[in-house]
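Undergrad: using only what follows, build the 3D model:
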Amino acid sequence: MNLPSPHADPRGFLRALFDAAVAQAVPGPEIAAFLPSPPKGRTLVLGAGKAGGAMAAAVDAAWPKNAPMSGLVVTRYDYVPPAYKALQQQSAGRIEVVEGAHPVPDDAGRRAARRIAELTRGLTQDDLVLCLISGGASSLLAMPAEGLTLEEKQAINKALLRSGAAIDEMNCVRKHLSAIKGGRLAAMCAPAQVVTLLISDVPGDSPQVIGSGPTVPDTTTCADALRILARYAIELPAAARAGLQSGAFETPKPGDARFDGHRVHMIATPQQSLAAAAALARTAGIGVHVLSDEMEGESREVGKVHAALARYVARHGAPFGKPCVILSGGETTVTVKSTGEESQGSGSNPGRGGRATEFLLGCAIALQGEPGVHVLAADTDGIDGLEDNAGAFVTPSTLARAQAAGLKAQDFLDRNDAYNFFAPLGDLIVPGPTFTNVNDFRALLIM
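TA: Numbers count the residues shown, from 1 in each chain. Now for the predicted structure:
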């Protein structure tokens, strides 16, 4: 690709790194290496996640044309790749892909989850189930545990999103309040052979956490879920509390015979995307330093830490020489302080934005216009929180331009309103659906 100069076009350069990270995580022909041979019986494809449509398209293309295949995958609204949607409309796609809501589940996701559960009935040991799981499956596979309503699950999910809980904590609760996650989908498939293909969007790439682990045994417990809910003061309906306290909502554990012979393959990870961005940056002849693909914590605080490192490099040429790029990934959190009904929603609620823009606002305030420092942060799924952007840019002129426009950065940060800070500056990044998800991507260019 024609890489913009980091000296002449720092924004274009950083955007090219983001695009390279995303491209690395979009499933394609390489998925064939992870597929088993066609079985004696049926091949059923089941799945969920923001990369679900792209994974289904890649599997359909790689599977032998003379080998029967059918199935159902649910992805986020507008996240079916156009070419595969066209095939489905022509009844040429072998895997049905439907759409639902994320990050708060809706009835479309509930209907999809029920259909997926129904498709597992009657499977035999001669059959193969290919499970395609990526980030977002926790919300898209909406099948509440017995006695819970979708509305109750929605309320708990919204509270978790506002709380600042880490992704592994949120998914521990989600899987214990589900009838299909936390290994239960794989248990439904017994005695068929199950092969799970994963795209990781979580720090550490744990299969138990990705999409709340619908096809792998779970080591967390109902007691863990209760402790998390208590830690963040999240109210529970009576049926949920009773199911957790009694252990009725416990998940299948390691050693359960229903998982015998199952295989799990990681086909895309945050580390691989950071490596792709790093390789591209090195072609510009500048140093590249990857901090971690597992960064967690409050977005604004992580932004301040990145800013402190960038300032030191800019002023002292240490611990990294200039020019250089610093990369990081992971999944930070936002503890929402606004009192609106929706977490980072729209309309009258002042707080709009997501992890990437809150990181950037904290970073910009800490940088205080440091010369030669340009920053990009974006979510690789193309959506930051509930908005239409993936992230935004920070430049040495960000705070000065904001002040000229009458925008007080700290006021916007105080009300979790980073989207409305960056939007009038023209600094938002709006790529549209990326058809994948390996979580946060951050790049700091120091000249």
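
Undergrad: who's in contact with Pro68?
TA: Residues in contact with Pro68, defined by CB atoms under 8 Å, 6 or more residues apart in numbering, are Arg42, Thr43. C-betas here are computed from N, CA, C, even on glycine.

Undergrad: one more time with 10 Å, if that's ok
TA: Contacts were defined as CB atoms under 10 Å, 6 or more residues apart in numbering; by that measure Pro68 touches Pro38, Gly41, Arg42, Thr43, Leu44, Arg94.

Undergrad: and the two most separated of those?
TA: The span of the contacts of Pro68, defined through CB to CB, is set by Gly41 and Arg94 at 16.1 Å.

Undergrad: how close does the nearest residue to Arg401 once chain neighbours are set aside sit to Thr357?
TA: Of all residues beyond its chain neighbours, the one nearest Arg401 is Leu425 (5.6 Å), with distances taken as CB to CB, 6 or more residues apart in numbering. The spacing between Leu425 and Thr357, counted by CB to CB, to the nearest Å, is 11 Å.

Undergrad: now do Phe393
TA: 10 Å.

Undergrad: so what sits against both of the two?
TA: Taking CB under 10 Å, 6+ apart as the contact criterion, the common neighbours of Phe393 and Thr357 are Ala377, Ala378, Phe422, Asp427, Leu428, Ile429.

Undergrad: quick revisit: go through the contacts of Pro68 and name the one nearest Lys153.
TA: Among these, and counting by CB to CB, the member closest to Lys153 is Leu44, at 26.0 Å.

Undergrad: for the residue lying closest to Gly164 once chain neighbours are set aside, helix, strand, or coil?
TA: Nearest in space to Gly164, with sequence neighbours left out and distances taken as CB to CB, 6+ apart, is Thr335 at 3.2 Å. Using DSSP: H, G, I helix; E, B strand; the rest coil, the three-state assignment for Thr335 comes out as coil.

Undergrad: toward the C-terminus from the lowest-mean-pLDDT helix or strand in the chain, list the very next helix or strand.
TA: Among the helices and strands of the chain, helix 82-89 carries the lowest confidence by mean pLDDT, DSSP states H and E, at a mean of 90. If you walk from helix 82-89 toward the C-terminus, the next helix or strand you reach (DSSP states H and E) is strand 96-100.

Undergrad: could you give the angle of the very next helix or strand once past that next one to strand 96-100?
TA: Proceeding N to C from strand 96-100, the next assigned helix or strand is helix 107-119, under DSSP H and E. Taking axes from the mean of the first three to the mean of the last three CA atoms, to 10 degrees, helix 107-119 and strand 96-100 form an angle of 140 degrees between their directions.

Undergrad: would you mark the buried spots in helix 107-119?
TA: If you call a residue buried by 16 or more other CB atoms under 10 Å, then helix 107-119 has these buried ones: Ala108, Gly109, Arg110, Ala112, Ala113, Ile116, Ala117, Leu119.

Undergrad: what packs against that helix?
TA: Using 3 or more CB pairs under 10 Å, 6 or more residues apart in numbering; DSSP states H and E as the contact definition, the elements that helix 107-119 packs against are strand 43-48, strand 70-76, strand 96-100, helix 137-140, helix 150-163, helix 184-189.

Undergrad: the residue nearest to Gly164 and Leu160 touch, don't they?
TA: No - at 11.4 Å, Thr335 does not count as touching Leu160 under the criterion of CB atoms under 10 Å.

Undergrad: need the residues touching each of the two.
TA: Between them, Thr335 and Leu160 share the neighbouring residues Tyr232, with contact defined by CB under 10 Å, 6+ apart.

Undergrad: so those two - more neighbours on which side?
TA: In this comparison of Thr335 against Leu160, neighbours counted by other CB atoms under 10 Å, the higher total goes to Leu160 at 23 against 14.

Undergrad: related to what we said a few turns ago, overlap in contacts, Leu425 and Thr357.
TA: Both Leu425 and Thr357 are contacted by Ala392, Val394, under the criterion CB under 10 Å, 6+ apart.

Undergrad: ok, back up a step: mind putting the contacts of Pro68 into a markdown table with distance to Asp60, neighbour count and pLDDT?
TA: Conversion of the contacts of Pro68 to a markdown table gives the following (distance: CB to CB, whole Å; neighbours: other CB atoms under 10 Å; pLDDT from 0 to 100):
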| residue | distance to Asp60 | neighbour count | pLDDT |
| --- | --- | --- | --- |
| Pro38 | 14 | 15 | 97 |
| Gly41 | 19 | 15 | 97 |
| Arg42 | 15 | 18 | 96 |
| Thr43 | 11 | 23 | 98 |
| Leu44 | 13 | 24 | 98 |
| Arg94 | 5 | 20 | 94 |
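
Undergrad: ok, back up a step: between Leu425 and Thr357, who's got more neighbours?
TA: Thr357 (37 against 18).

Undergrad: wait, what's in contact with that one?
TA: Listed by CB under 10 Å, 6+ apart, the contact set of Thr357 reads 299, 303, 334, 344, 377-379, 384-385, 387, 389-392, 394, 412, 416-423, 427-429.

Undergrad: noted, bye for now.
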